[in-house]
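Chemist: Here is a sequence together with a model predicted from it:
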Amino acid sequence: MAKDSHQRSHRSQKSHKSQRAQKSQEAQRQAQGQAQGQAQEQTQGQALGEAQRETQKQAEQKQAEQKQAEQKQGARQPENSPGRLELVVEPLRAPVDHEVSITVRGARAGAEVTLRLSADGHESEAVFLADERGVVDATRHAPVSGSYAGVDPMGLFWSARPTGEQPGTSGKAVLTATATPASSAPADSVSEGAPAGSVPASSAAGGAPVGSGPAGSSAAASTAAVSTSVESGTADQALGGLGAAGADSDTAAADSGTSALSAKPLAASAGVSALARKALSNTSHQVEAGDAPSSDAASSSAGTSASTGAGASTDASADASADASTDASADAFAANGSTAAVPAADASTPGVSGAASAVGAPAAGAPAAGSAHVSGASAVVEVELERLSVPDGVRRVEFAGGVLFEPEGGGSGAAAAGVIVLGGSEGGLRELDAALLAGHGFAVLALPYFGAPGVPENLVDVPLEHVGGAVDALAERVGGPVGLVGGSRGGELALLAASVLPSVRAVVSVVGSGVVTQCVGAGKRLLEILEVDAAAWTWKGQPVPYLPHVVSPGMRAAIVDGEPVVLAEAFDLGDGFPEDVEIPVERIAGPVLLVSGDRDASWPSADLSEVAHRRLEANDHPHPHEHVVHPGAGHLLAGPPNRPQPDNVVDGPGVRFEMGGDRATTARAKADTWNRTTTFLKTHLKTRPKSQLKTQGSPDRTA
């Protein structure tokens, strides 16, 4: 029993030890768990603190950025930045045929704001009144005086006149704004931390740029010059083409933004009063503000090779400090219709409801703006623009007897289609036209047809096969369809060549003719030229019948008296004419666009083009066709816009020629014509299989 009792006691002690060990282990585990929990809580707390600090830091950074943006936005608003004049131009880089938006901010409400453009030996100026916000927007506001009238986004460009200096070809332009700023800071304070590009104030008498206006002698002006580019073609050559041709000055300089033109249907008959042009005045008529309706078309361009330049803008701002006590202010493609001109609803149409999204290559980085405070006197700010004749991404090569402009890379597939540009009786090459059309995605050949190697010296017996060979070569190169675009006698040639060349898939004839007319022979005097009795064109070695010139008594008297000659009188349509001189335009294998001015004094293009339109209608031409007549416009409609528009009286061979219409109306009609042309080509020159570009043989022309 004693043994059993001892064993029970031993087991009891062992059990107690085991229980104590278990309790100790449990206590250790609890302690470890508590320590781990505390460490975990501490780690989580640290992580949470870091996340909170990072979140707070990001929030503070965002607030700072928002504050900077608000300050920058506020600096742009004239009402929040008294004394700061701003000139905003966009885009700074765009082809010649695209619109530029010009805005001035920060002027005193109701103050005169003078805009002055200087480019390649030409200059223009317009004076505006700032609105209640101190803003002038050239796309919406009409000037109160200056080189053009009415709302016209590109008025400063086409209204520029020669300065007498040697014209340049740099494409550079300088736009200057002069205005009385809104109330400003103290007279001699200059903004601290002015942006890069600030120019210290300089004496108005000693260094103010052209256009600074009559600031007082003690006034100082600060100028911020910003260098970038507005691609526009250089101001074109003088109207030398008329010296040899007489009938055309299509090679002249260009014009400006679009405007709606009042409707005026053309009579359907071919013999509409050409002689009425006798009464054309030599005096150009200014367009009043109410005469230039605003444009509605969209401004972005589809299918162009150049990228949009809408974001490429420059704000140039300047203030001048002065002690002067007084303020010194400075100076639907409607198929089968003959219609009056209205702006084409082209995606690439410039001049639309104040839009600034002209298409062109973007500027390479935003240039710096200059800024300084101004008090009292006029402030001057200027921006330098570069207007390129050849859009970015377009190359020039000699090809098929002419000059070809095509997208970089060239060859089949590089361009959507081919276009051949034919000039008028001035001869030579329309390189600017071709280069700018190439910027819309085409391979464009400027083709001479007389006065060049391989073709006649004068516009006499020019073989239509010359155009045919160029069409075939270009179609082979691009692997797509080819269209013809011609101005004046080139418009006549485009219609005639397309009527015998089935590989031509679209035709644009600007101030052209549906009637074959007489040659333009050799001679130094107009009467000598008109008396050369020969054909202008041949087909298969035979002269094409033509309407002969008639020298009216009125023309002869004008020549003798040295008065401007209305050459339209040499084309007598009053008694009708033989059918064999009409061009069989119904044979053209594609759409036809005819454009004319109803006051064309060089030749009666509205009447002559209507002959073609009438034939298309009478023969149920299966393709779209339209005759657009621009009311009040003269002869100078061919070519790209936004260059200096020539006067209506130009030099010719021993005479002066009346071109007809007034300068402003013709300039605006020219812009509309160019936009219609680009829209027409984009719409109708669609890529086709190469096998469909040519047909077997060519139909003979009915003589």
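Modeler: That came through fine.

Chemist: Would you mind measuring from His651 to Gln61?
Modeler: Small correction: residue 651 is Asp, not His. 68 Å (Cβ to Cβ, to the nearest Å). Quick note: C-beta positions are derived from backbone N, CA and C, even for glycine.

Chemist: and Leu496, helix, strand or coil?
Modeler: Secondary structure assignment for Leu496 (DSSP: H, G, I helix; E, B strand; the rest coil): helix.

Chemist: what's around it, how many residues?
Modeler: 30 (other Cβ atoms under 10 Å).

Chemist: Now do the contacts for the spatially closest residue to it that is not a sequence neighbour.
Modeler: Nearest residue to Leu496, sequence neighbours excluded (Cβ to Cβ, 6 or more residues apart in numbering): Ile583, at 5.1 Å. By Cβ atoms under 8 Å, 6 or more residues apart in numbering, the contact set of Ile583 is 492, 495-496, 499, 513-516, 611-612, 615.

Chemist: and those residues, which of them are in helices?
Modeler: With helices defined by DSSP state H, the entries of the contacts of Ile583 inside them are 492, 495-496, 499, 611-612, 615.

Chemist: low-confidence ranges in this protein?
Modeler: 1-27, 29-52, 66-83, 168-169, 183-378, 411-413, 687-703 (pLDDT under 70).

Chemist: residue boundaries of the helices in it?
Modeler: 2-76, 155-158, 204-207, 242-245, 431-438, 464-478, 489-500, 526-530, 553-561, 605-618, 663-684.

Chemist: In JSON lines, list the contacts of Ile583 along with distance to Val550.
Modeler: Below are the contacts of Ile583 laid out as JSON lines (distance: Cβ to Cβ, whole Å):
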{"residue": "Glu492", "distance to Val550": "18"}
{"residue": "Leu495", "distance to Val550": "22"}
{"residue": "Leu496", "distance to Val550": "21"}
{"residue": "Ser499", "distance to Val550": "25"}
{"residue": "Ser513", "distance to Val550": "15"}
{"residue": "Gly514", "distance to Val550": "19"}
{"residue": "Val515", "distance to Val550": "13"}
{"residue": "Val516", "distance to Val550": "15"}
{"residue": "Val611", "distance to Val550": "17"}
{"residue": "Ala612", "distance to Val550": "21"}
{"residue": "Arg615", "distance to Val550": "23"}
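
Chemist: so which of those residues comes closest to Leu464?
Modeler: When these are compared for distance to Leu464 (Cβ to Cβ), Leu496 wins out at 6.7 Å.

Chemist: returning to what we had before: out of the contacts of Ile583, who's nearest Phe577?
Modeler: Using Cβ to Cβ, Val515 comes nearest to Phe577 of the contacts of Ile583, at 6.8 Å.

Chemist: can you pull the contacts of the closest one?
Modeler: Val515 makes contact with 492, 547, 577, 581-583, 608, 611, according to Cβ under 8 Å, 6+ apart.

Chemist: Tell me the bridge partners for it.
Modeler: Glu582 (DSSP bridges).

Chemist: and the gap between it and Lys670?
Modeler: 23 Å.

Chemist: Same check on Glu99?
Modeler: Applying Cβ to Cβ to Glu99 and Lys670 gives a distance of 14 Å.

Chemist: Double-check Ala498 against Val485; I have them as touching.
Modeler: No - contact between Ala498 and Val485 fails when scored by Cβ atoms under 8 Å: they sit 11.0 Å apart.

Chemist: Report the set of residues contacting both of those two.
Modeler: Joint contacts of Ala498 and Val485 (Cβ under 8 Å, 6+ apart) are Val507.

Chemist: tell me the phi and psi of the residue nearest to Leu496?
Modeler: In terms of degrees, to the nearest 10, the main-chain angles of Ile583 are phi -80, psi 130.

Chemist: so how many other residues sit close to Gly410?
Modeler: Counted with other Cβ under 10 Å, Gly410 comes out at 16.

Chemist: of all the ones in helices among the contacts of Ile583, which two lie farthest apart?
Modeler: Glu492 and Arg615 (14.0 Å).

Chemist: Please say which of the two ends up with more neighbours.
Modeler: The neighbour comparison of Glu492 against Arg615 (other Cβ under 10 Å) goes to Glu492, with 31 against 21.

Chemist: How many residues are close by the residue nearest to the more buried one when sequence neighbours are not counted?
Modeler: Counting by Cβ to Cβ, 6+ apart, Glu492 lies nearest to Ser513, which is 4.2 Å off, once chain neighbours are set aside. Residues near Ser513, counting by other Cβ under 10 Å, number 29.

Chemist: close enough to count as contact, Ser513 and Ser605?
Modeler: Yes - here Ser513 reaches Ser605: they are 6.8 Å apart, a contact under Cβ under 8 Å.

Chemist: so what's in contact with those two at the same time?
Modeler: Gly491.

Chemist: so who does Gly632 touch?
Modeler: 261, 597-599, 661-662, 665-666, 669 are the contacts of Gly632 under Cβ under 8 Å, 6+ apart.

Chemist: As JSON lines, the residues you listed with distance to Thr180 would be great.
Modeler: Output for the contacts of Gly632, formatted as JSON lines (distance: Cβ to Cβ, whole Å):
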{"residue": "Leu261", "distance to Thr180": "36"}
{"residue": "Gly597", "distance to Thr180": "41"}
{"residue": "Asp598", "distance to Thr180": "44"}
{"residue": "Arg599", "distance to Thr180": "41"}
{"residue": "Gly661", "distance to Thr180": "38"}
{"residue": "Asp662", "distance to Thr180": "33"}
{"residue": "Thr665", "distance to Thr180": "34"}
{"residue": "Thr666", "distance to Thr180": "35"}
{"residue": "Ala669", "distance to Thr180": "36"}
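
Chemist: And those, which is closest to Gln645?
Modeler: Thr666 (6.7 Å).

Chemist: State the distance from that closest one to Asp600.
Modeler: For Thr666, the distance to Asp600 - Cβ to Cβ - is 9 Å.

Chemist: swap in Val460?
Modeler: Following Cβ to Cβ, the distance that separates Val460 from Asp600 is 24 Å.

Chemist: what do you get for Asp392?
Modeler: 35 Å.

Chemist: And for His635?
Modeler: 5 Å.

Chemist: Next, show the common contact partners of these two.
Modeler: 511, 659-661.

Chemist: Between Val460 and Asp600, tell me which one has more neighbours.
Modeler: Legend: neighbour count by other Cβ under 10 Å for Val460 and Asp600, higher for Asp600 (32 against 19).

Chemist: contacting residues for the more buried one?
Modeler: 277, 511, 568, 606, 633-635, 659-661.

Chemist: if you set the cut-off to 7 Å instead, what comes out?
Modeler: 511, 568, 606, 634-635, 660 (Cβ atoms under 7 Å, 6 or more residues apart in numbering).

Chemist: on that earlier part again, got TSV for the ones in helices among the contacts of Ile583, with distance to Val628 too?
Modeler: Formatted as TSV, these follow (distance: Cβ to Cβ, whole Å):
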residue	distance to Val628
Glu492	17
Leu495	15
Leu496	20
Ser499	20
Val611	15
Ala612	13
Arg615	17
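
Chemist: what's the closest of those to Gly454?
Modeler: Nearest member of these to Gly454, counting by Cβ to Cβ, is Leu496, at 19.6 Å.

Chemist: Surely the closest one and Ser513 touch.
Modeler: No - taking contacts as Cβ atoms under 7 Å, Leu496 lies outside contact range of Ser513: 9.1 Å.

Chemist: picking up where we left off before, ok, which pair from the contacts of Ile583 is furthest apart?
Modeler: Using Cβ to Cβ, the two most remote members of these are Glu492 and Arg615, lying 14.0 Å apart.

Chemist: With only the CA atoms kept, save stretch 449-467 in CSV.
Modeler: Once non-C-alpha atoms are left out, stretch 449-467 reads as follows in CSV (Å, rounded to 0.1, in the frame of the first residue of the first chain):
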residue,chain,number,x,y,z
TYR,A,449,2.0,73.4,-122.8
PHE,A,450,3.8,76.2,-124.7
GLY,A,451,7.0,78.3,-124.3
ALA,A,452,9.0,75.3,-122.9
PRO,A,453,11.2,72.6,-124.3
GLY,A,454,9.3,70.0,-126.4
VAL,A,455,6.2,72.2,-126.9
PRO,A,456,5.4,75.2,-129.2
GLU,A,457,6.9,78.5,-128.5
ASN,A,458,3.5,80.3,-128.4
LEU,A,459,-0.1,79.2,-127.8
VAL,A,460,-0.4,78.0,-131.4
ASP,A,461,-1.0,74.5,-132.6
VAL,A,462,-0.5,72.9,-129.2
PRO,A,463,-1.1,69.1,-129.5
LEU,A,464,-3.6,67.6,-127.1
GLU,A,465,-1.4,64.5,-127.1
HIS,A,466,1.0,66.5,-124.9
VAL,A,467,-1.5,66.5,-122.1
